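Engineer: for reference, the sequence and a predicted model appear below.
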Amino acid sequence: MRRRIWGTAAVLALVTGLVPVTSAQAAAAHRPGPLPLERLFDNRAVSDDARPAAADFDGSGGSL
């Protein structure tokens, strides 16, 4: 009985140690590349008062 407890504890410790490594490798593989700066500084959030629909602050058509 004592051998079974130690075997179970060893298996649980091994599995617990491997889960973060596997998760970190999976998360790093799906990361997209960086966006070009031109897309980040396009100044589309601000529009003329006469044409508020010309701006797109949040990707849904909101403007300042």
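Structural biologist: Arrived safely, thanks for sending.

Engineer: can you name the next helix or strand after the lowest-mean-pLDDT helix or strand in the chain?
Structural biologist: Every helix and strand of the chain was ranked by mean pLDDT, DSSP states H and E. The lowest is helix 2-29, at a mean of 69. With elements assigned by DSSP states H and E, the helix or strand that comes after helix 2-29 is helix 37-40.

Engineer: so what's the gap between that next one and the chain middle?
Structural biologist: Relative to the centre of its chain, helix 37-40 is centred 19 Å away, using CA atoms, centre = their mean, to the nearest Å.

Engineer: let me see the mean pLDDT of that helix.
Structural biologist: For helix 37-40, mean pLDDT rounds to 76.

Engineer: with just CA atoms, put it into PDB.
Structural biologist: Output in PDB follows, covering the C-alpha atoms of helix 37-40 (Å, rounded to 0.1, in the frame of the first residue of the first chain):
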ATOM      1  CA  LEU A  37       3.800  51.300 -37.100                       C
ATOM      2  CA  GLU A  38       1.900  52.900 -40.000                       C
ATOM      3  CA  ARG A  39      -1.200  51.000 -38.900                       C
ATOM      4  CA  LEU A  40      -0.800  52.100 -35.300                       C
END
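
Engineer: buried residues in that helix?
Structural biologist: Judged by neighbour count using 16 or more other CB atoms under 10 Å, helix 37-40 contains no buried positions. No exception for glycine: its C-beta is placed from N, CA and C like everyone else's.

Engineer: outside of that helix, which residues touch it?
Structural biologist: By CB atoms under 8 Å, 6 or more residues apart in numbering, the list of residues contacting helix 37-40 from outside is empty.

Engineer: ok, stretch 54-64 next?
Structural biologist: Under the criterion CB under 8 Å, 6+ apart, residues 44, 45, 46, 47, 48, 52, 53 lie in contact with stretch 54-64.
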